[in-house]
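Student: Structure, please.
(one chain, ligands or ions: 1)
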Amino acid sequence: MVDVPKDLIDEIKKLEEHFTVDTAKLKEITEHFINELTKGLSVEGGSIPMNPTWCMAMPTGEEQGTFLALDMGGTNLRVCEIILTDQKSEFDIIQSKYRMPEELKTGDADELWEYVADCLQQFVEAHHPGENLDKMHLGFTFSYPATQDYIDHGVLQRWTKGFDISGVEGENVVPMFEAAIARRGVPIKLTALINDTTGTLIASAYTDTKMKIGCIFGTGCNAAYFENTGSIPKLAHMKLPPDTPMAINCEWGAFDNEHKVLPRTPYDIIIDKDSPRPGQQAFEKMIAGLYLGELFRLVLVNLHDNEGVHIFEGQNIDKLRKAYTLDSSFLSLVEEDPFENLSETADLFQNKLSISPNRSELELIRRLAELIGTRAARLSACGVAAIAKKKGYESCHVGADGSVFNKYPHFKQRGAQALREILDWPEKKNQKEEDPIEILAAEDGSGVGAALIAALTLQRVKDGNMAGILHPENFK
Ligand code: GLC
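Tutor: Below you'll find the predicted structure:
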C-alpha cells in the first residue's frame with residue numbers, strides 16, 4: 001500500500017484494531033461460550049435457548065420412504081419431494097424454489113401463512129396432477145428459535161433474521177400453518193417441525209458417520225448437535241433414560257446478548273440499535289450474511305461524514321446512505337477482485353452506488369471487506385470449538401451450509417485457521433492432511449434432512465417411543 005496517504009493508513013490501522021480478534025480473545029470467547037451452552041440446558045436457562053428438538057437418533061443410512069419438505073428460510077421458500085431409496089445413504093429429490101417476498105417478512109401473519117400454503121399447493125398440483133393422494137408426511141423447516149415441547153409443535157420465541165411479523169411470537173406456529181393448508185385441502189400431515197441446523201446435522205450424518213455438529217452460516221448463524229438427556233436438566237421432568245440422545249438446536253445467534261465477551265465495535269452497536277429486535281442475536285449480528293454488508297456500509301458512511309479523512313470527498317453518497325443496500329455478496333465481490341488496481345471494485349462502486357473511489361480508497365475498501373469477513377469466520381469458529389470442547393470431540397466432522405459458508409471467499413480457510421488457534425493444533429505437515437475437526441459442506445438439511453427426521457420419528461413411534469409426540473394420528 002505504498003501510495004496510500006498517511007491519514008488513510010491511520011484509518012485502516014484503526015479499523016484493524018476494531019475488527020481483529022486475536023487468538024487470546026478467541027479462546028476467552030470459546031470458554032465463555034462453553035459455560036453459556038451449559039447454562040442454556042439448565043432449568044434456569046441462559047441467553048442461548050438450547051432448544052431440545054425431539055429428534056432422538058442419528059440416521060443409519062437405511063431410512064426409506066417418500067416425504068415432502070418445506071423450508072421457510074430467510075431468503076427463499078423451497079418445497080421438495082424426497083425419496084429415501086433402498087440403497088444405503090441414497091436419495092432422489094425434486095424441488096421448487098420460490099422467492100420469499102421482502103414485504104412478507106414485515107407484513108402480517110395471515111399473508112405469510114397463505115403464501116406458504118400457496119407454494120406448497122402449487123408444488124403438489126404440479127407434481128401430482130389429478131392424483132388422489134393419501135396424506136403425505138411433511139417435514140417443515142422453520143429456521144427461527146422455537147421452543148418445542150413436541151416435535152410437531154413449536155412456539156416461536158422471537159423472530160430473527162430481520163423478520164418482524166406480529167401475532168406469531170409466543171405462539172405455536174404449527175396450527176397456523178395447518179389452518180392455511182386445510183383451507184386449501186393440500187393432502188399433507190405435519191410429521192416434524194425442524195430447524196435448518198438439525199436438518200443439516202442429520203442430512204450430513206446420513207452420508208458421513210463422522211458428522212457431529214450441523215451449522216448454518218447464511219442469512220442467520222446457528223448450530224445443532226446431540227446431547228444425552230442426562231445432560232439436559234431442563235428435561236429431567238420427562239424422566240427419559242439419561243443416555244437418550246436428543247438433538248439440540250442451540251440458537252447460538254443469541255450468544256453474549258449481555259455483551260460480556262464479544263469485541264463489539266461502534267458499528268455493531270448501531271446495527272443492533274436499528275434492528276427490529278435490539279438486544280437480541282448479538283453473536284449473529286457480527287457474523288451472519290444479513291449484517292456483513294451493512295457493517296461495511298456503516299463504516300464507509302462514517303469515514304465519509306465524520307473522521308478526519310472524508311473518503312469519497314465531494315461525491316454524492318446518497319445511495320450508500322440507504323440501510324441494508326449492500327448484501328454480503330457485494331463484500332464477496334470486493335474480496336474476489338483479482339486485479340492489482342482493484343478495477344472490479346471500482347466498477348462495483350460505480351455501478352451500484354454511483355461512487356468513484358480513488359486508488360487509496362479502493363485499498364481501504366478491500367482491507368475493510370477482509371477485516372469484516374475474517375472477523376465473521378473467526379468468531380464462528382468459537383461456537384464450533386465450544387461445542388467440540390463441551391462434548392470432548394477431539395476429532396469429528398462438522399456439516400455447514402448457508403450462503404456465507406458456501407460463497408464468501410476464504411470463509412472456510414479463515415474458520416479453520418481460527419479453530420487451529422483455539423484448539424492449539426500443531427501446524428499441518430502437508431496441505432492434504434485433514435484437520436482433527438473439519439468443517440465441511442453439508443448435505444441438504446432442509447430437504448433431505450427434514451425427510452430423514454420425519455422418517456426417524458415415524459420409526460421411533462412405530463417402535464413405541466412416543467416422547468415428544470403431540471398428535472400420534474399424524475405418525476401413521
Ligand atoms: C437464525 C435463526 C435460527 C437459524 C439460523 C440460520 O439464527 O434464529 O433458527 O437456524 O438463523 O438460518
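Student: give me the number of residues near the closest residue to the ligand within the stretch 51-200 of the chain?
Tutor: Proximity of the stretch 51-200 of the chain to the ligand (CB to the nearest ligand atom) peaks at residue 160, 3.5 Å away. (Glycine included, C-beta is placed from N, CA and C.) Residues lying near residue 160 (other CB atoms under 10 Å) number 27.
Student: Now do the same for it: its pLDDT.
Tutor: For residue 160, the pLDDT comes out at 95.
Student: do the same with residue 73
Tutor: For residue 73, pLDDT reads 82.
Student: Over to residue 1?
Tutor: 50.
Student: phi, psi of the nearest residue to residue 4 once chain neighbours are set aside?
Tutor: Spatial nearest neighbour of residue 4, chain neighbours left out: residue 360 (4.4 Å); criterion: CB to CB, 6 or more residues apart in numbering. Here is the backbone geometry of residue 360 (degrees, to the nearest 10): phi -70, psi -40.
Student: And for the closest residue to the ligand within the chain, the neighbour number?
Tutor: Nearest to the ligand in the chain, going by CB to the nearest ligand atom, is residue 220, at a distance of 2.0 Å. Residue 220 is flanked by 29 other residues according to other CB under 10 Å.
Student: isn't it right next to residue 283, touching?
Tutor: No: look at residue 220 against residue 283 with CB atoms under 8 Å: they stay out of range, at 10.4 Å.
Student: any common contacting residues for these two?
Tutor: Here residue 220 and residue 283 have residue 253 as joint contacts, going by CB atoms under 8 Å, 6 or more residues apart in numbering.
Student: got the contact list for residue 212?
Tutor: By CB under 8 Å, 6+ apart, the neighbours of residue 212 are 201, 225-226, 388, 391, 393, 396-398.
Student: Where helices are concerned, which of the residues you listed count?
Tutor: Counting by DSSP state H, the contacts of residue 212 place 201, 388, 391 in helices.
Student: Isn't the last one up against residue 231?
Tutor: So that's residue 391. No: in this structure, residue 391 is not within contact of residue 231 by CB under 8 Å, at 9.3 Å.
Student: Residues of the stretch 151-300 of the chain that sit close to the ligand?
Tutor: Within reach of the ligand by CB under 6 Å from any ligand atom, the stretch 151-300 of the chain has these residues: 160-161, 195-197, 216, 218, 220-222, 251, 253, 284.
Student: taking those one by one, which sit in strands?
Tutor: 216, 221-222 (DSSP state E).
Student: which residues of the protein score low on pLDDT?
Tutor: Scanning the chain for pLDDT under 70 picks out the ranges 1-2.
Student: do that again at 90, thanks
Tutor: For the chain, the stretches with pLDDT under 90 are 1-5, 73-76, 129-135, 306-309, 427-432, 443, 476.
Student: which element follows the helix or strand residue 35 falls within toward the C-terminus?
Tutor: Using DSSP states H and E, residue 35 maps to helix 23-41. Later in the chain than helix 23-41, the nearest helix or strand by DSSP H and E is strand 51-52.
Student: what lines up beside that next one in the sheet?
Tutor: strand 245-249 (antiparallel) (DSSP bridges).
Student: Show the contacting residues for the nearest residue to residue 201 once chain neighbours are set aside.
Tutor: Using CB to CB, 6+ apart and skipping the chain neighbours, the partner closest in space to residue 201 is residue 214 (2.8 Å). By CB under 8 Å, 6+ apart, residue 214 lies in contact with 197-204, 223-225, 398-401, 442, 445, 449.
Student: all helices of the stretch 51-200 of the chain, in order?
Tutor: 109-127, 173-184, 196-207 (DSSP state H, counting those that start in this stretch).
Student: Of these, flag the one that's most buried.
Tutor: helix 196-207 (a mean of 30; mean count of other CB atoms under 10 Å).
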